[in-house]
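K.L.:
Sequence first, predicted coordinates after that:
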Amino acid sequence: MPDCAAVLRSAFTLALAFFSSGCAFMNQHVQLDGLEPVTLRSSAPRKVVVRELVDARVDPSRVGVVKNGWGNETALVLTETDVSKALSEALCASLERAGWTVVRAQASAAVEVPRAEDWVVSGWLRSLMSEPSIGTWAVDELAEAEVTLEVRTAHRLLRRSFRGFELLENNLACFSDCAQAALKAAMTQVVQEAVQGLLELSVRVPPVVLEPAPTLLWLELELD
Amino acid sequence: MKRLLVLLALATGLGCALYQTRHVTRKEPPPAAWEDVTPDAGSGW
């Protein structure tokens, strides 16, 4: 018959091992709003209508995974923040900071075909995910965000994807602070990439000189 | 004998810990160019 004390000791050891790793089994909750707009200088400011980004992810509340010491996914990183709205606001604020005139619009809002010098910017949030990389003595936190933008000018429709990546290295342990910091940094980087892309495109696309409309000429002749 | 087993366990643990490496996998970046997707449009930019 086994010794009662030995059984209790084993049970205590197992319980300690299980509960000490409890943080890896609990979902983490992060706040991802309040992104700081990026500061870039524009040499060709424009007027743009920016539609709110459409969240194209399967589960908008899921933004990452938690792993245990063996690298197995044991829990989720969740958020209640409307991430696409936070990204849209950061994009608008960054463009305004660059000197552009920004008109905010809902994603589903009907926007008229722009004038030759104006643009309509719309887009999708493709992915936003963080995951720890478990190492020997430390944990790295990786985060990645991907956004696709579509720019509608008077004559063309242009599309490009942007990706933000953040690697927070050598954390002793990864709590929700790490995931939140990495995710916000990746989101800020994708906004910076997107603004940079729009500013470059603005320089590249020459302004269109509008011909006076024939009807207006005719009316002027009539008045004379 | 017990000490030998403890030492063996420690050496195995250390060996596994040193062997373990971190891999940072990063997806290929998207093309750094605007694609012209205008209906009935020609080539890209």
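P.N.:
Sure, I can see it.

K.L.:
any low-confidence regions in chain B?
P.N.:
When residues are selected by pLDDT under 70, those of chain B lie in B:15-26, B:41-45.

K.L.:
the strands in it, which residues?
P.N.:
Taking DSSP state E to define them, one finds strands in chain B at B:35-36.

K.L.:
host element of the closest residue to residue A:193 other than its chain neighbours?
P.N.:
Excluding the flanking residues, the one nearest residue A:193 by CB to CB, 6 or more residues apart in numbering or on different chains is residue A:162, at 4.1 Å. (Each C-beta comes from the backbone N, C-alpha and C, glycine too.) Taking DSSP states H and E as the definition, residue A:162 sits inside strand A:157-171.

K.L.:
list the buried ones in that strand?
P.N.:
A:158, A:159, A:160, A:161, A:162, A:163, A:164, A:165, A:166, A:168, A:171 (16 or more other CB atoms under 10 Å in any protein chain shown).

K.L.:
you'd agree the fifth one is up against residue A:149?
P.N.:
By that I understand residue A:162. Yes - assessed by CB atoms under 8 Å, residue A:162 is found in contact with residue A:149 at 6.9 Å.

K.L.:
Give me the residue ranges of chain A where confidence is low.
P.N.:
For chain A (pLDDT under 70), the answer is A:1-2, A:16-23, A:112-114, A:116, A:136, A:172-176, A:206-224.

K.L.:
Spell out which residues of it are next to chain B.
P.N.:
Counting by CB under 8 Å from any CB of the partner chain, the residues of chain A close to chain B are A:133-137, A:140, A:142, A:144, A:146, A:150-151, A:155-163, A:165, A:167, A:197, A:201, A:204.

K.L.:
Distance of residue A:117 relative to chain B?
P.N.:
Per CB to the nearest CB, to the nearest Å, residue A:117 is found 18 Å from chain B.

K.L.:
Tell me how far that residue lies from residue A:179.
P.N.:
42 Å (CB to CB, to the nearest Å).

K.L.:
In terms of packing, which of those two has more residues around it?
P.N.:
residue A:179 (28 against 14; other CB atoms under 10 Å in any protein chain shown).

K.L.:
tell me which element the more buried one falls in.
P.N.:
helix A:176-204.

K.L.:
Can you name the residue of chain A nearest to chain B?
P.N.:
residue A:161 (3.7 Å; CB to the nearest CB).

K.L.:
OK, contacts around the closest residue to that residue other than its chain neighbours?
P.N.:
Leaving out its chain neighbours, the residue that sits closest to residue A:161 by CB to CB, 6+ apart is residue B:30, at 3.7 Å. Residue B:30 makes contacts with A:146, A:160, A:161, A:162, A:163, as judged by CB atoms under 8 Å, 6 or more residues apart in numbering or on different chains.

K.L.:
wait, what's in contact with the third one?
P.N.:
Right, residue A:161. By CB under 8 Å, 6+ apart, residue A:161 lies in contact with A:126, A:146, A:147, A:148, A:149, B:30, B:31.
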